[in-house]
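Colleague: coordinates only, no sequence provided:
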């Protein structure tokens, strides 16, 4: 399977005066979090919460800012999360995907709402 992208909107829910940003995000369900580049963080006026250590694909360790809250919207779904600030593009991992109940269709390589719960997001809670 090749790269999968989703058209999302991200915004700072603490400041309604700042416009949301619509962007194409790389999607990977093996990764966990939302990652945004520094220029997106600055445009949204996101505040640092703490520093986090991450290991990138090249095996190197980095300490990066963790900012938030961030609101993500995909079609009729939304979620709130934090974001790691690194890289040069937006990267959406499994946590926001699960929170919005989104799935990847392997044959079309597209993100969609879960067809088993098309009207509202569903979650298994026990």
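Modeller: Ah, there it is. The structure displayed is predicted, hence computed values, not measured ones. Numbers count the residues shown, from 1 in each chain.
Colleague: shaky segments in this structure?
Modeller: Screening the chain residue by residue with the criterion pLDDT under 70, one finds the ranges 1.
Colleague: go through it and flag its longest strand.
Modeller: Of all the elements of type strand in the chain, the one with the most residues (DSSP state E) is strand 61-74.
Colleague: how far away from the center of its chain is that strand?
Modeller: Taking Cα atoms, centre = their mean, to the nearest Å, one finds the center of strand 61-74 at 8 Å from the center of the full chain.
Colleague: which residues touch it?
Modeller: Contacts of strand 61-74 with the rest of the structure, by Cβ atoms under 8 Å, 6 or more residues apart in numbering, involve 6-14, 20, 34, 36, 41, 44, 46-56, 78-86, 92, 96, 100, 102, 111, 113. All C-beta atoms are positioned from the backbone trio N, CA, C, and that covers glycine.
Colleague: that one pairs with which strands?
Modeller: According to DSSP bridges, the neighbouring strands of strand 61-74, each with its direction, are strand 4-11 (antiparallel), strand 47-55 (antiparallel), strand 77-85 (antiparallel).
Colleague: and the second one, what's buried?
Modeller: If I follow you right, that is strand 47-55. Applying a neighbour-count criterion of 16 or more other Cβ atoms under 10 Å, one finds nothing buried in strand 47-55.
Colleague: what residues does that strand touch?
Modeller: Outside of strand 47-55, the residues that reach it under the criterion Cβ under 8 Å, 6+ apart are 14, 61-68, 82, 84, 86.
Colleague: does residue 117 touch residue 103 like I think?
Modeller: No: the pair residue 117 and residue 103 does not pass the contact test of Cβ atoms under 8 Å, sitting 9.9 Å apart.
Colleague: between those two, tell me which one has more neighbours.
Modeller: Neighbours around residue 117 and residue 103, counted as other Cβ atoms under 10 Å, are more numerous at residue 103. The numbers are 16 against 12.
Colleague: quick check: chain neighbours aside, which residue is closest to that one?
Modeller: Distances taken as Cβ to Cβ, 6 or more residues apart in numbering put residue 114 closest to residue 103, at 5.1 Å, once the chain neighbours are dropped.
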